[in-house]
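[1] build me a model from this:
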Amino acid sequence: MVEGVGFNYYRVLVNVIELINGKGMLAMLFKCRWFNNDPTRRRSTIMDRGLLSVDSNNVWYENKPFILATMAKQVFYLDDTAMGEGWKVVQVMRHRNI
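    Numbering: from 1, shown residues only. Model prediction:
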């Protein structure tokens, strides 16, 4: 998940890319497959009883798959059997700095 203005962006990690510049500085990039959860699009996300479901069949931003690793937040996806094939319930992780 990446926090946006007004709503969050959800994705599945496809690849991790490690970049090292000439001074030895390291930058990590995540290549992602973004779910289309455009808030103006009907049924892109469903909020039911406090649980958020996203449609993982519809992808978004295929020409912009990369983010910096520091921008990402960890989430887990569980199959949403009530919504059908391809729908996932989003569970956001809250790390306790352990």
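[2] would you agree Lys88 is in contact with Leu78?
    Yes - under the criterion of CB atoms under 8 Å, Lys88 makes contact with Leu78 at 6.5 Å. Yep, even glycine has a C-beta here, placed from its N, CA and C like the rest.
[3] of these two, which one has the most company?
    Lys88 (21 against 12; other CB atoms under 10 Å).
[4] show me what whichever strand or helix holds that one packs onto, helices and strands only.
    Under the criterion of DSSP states H and E, Lys88 resides in strand 87-92. Applying 3 or more CB pairs under 8 Å, 6 or more residues apart in numbering; DSSP states H and E, we find strand 87-92 packed against strand 51-55, strand 75-79.
[5] and those strands, which is most packed in?
    strand 51-55 (a mean of 20; mean count of other CB atoms under 10 Å).
[6] now that one and strand 75-79, what's the angle there?
    Put simply, strand 51-55 runs at 80 degrees to strand 75-79, going by axes from the mean of the first three to the mean of the last three CA atoms, to 10 degrees.
[7] name the residues that touch the strand holding Lys88?
    1, 10, 46, 51-56, 73-80 (CB atoms under 8 Å, 6 or more residues apart in numbering).
[8] could you tell me the least trusted of the helices and strands packed on strand 87-92?
    Comparing mean pLDDT across those, the weakest is strand 51-55, with a mean of 89.
[9] neighbouring contacts of that strand?
    Strand 51-55 has contacts (CB under 8 Å, 6+ apart) with 10, 35-37, 43-47, 77, 80, 83, 86-90.
[10] and if we set it to 7 Å?
    Under the contact criterion CB atoms under 7 Å, 6 or more residues apart in numbering, strand 51-55 has outside partners 10, 35, 37, 44-46, 80, 83, 86-90.
[11] from these, which is closest to Met25?
    Nearest to Met25 among the contacts of strand 51-55 is Tyr10, at 29.4 Å by CB to CB.
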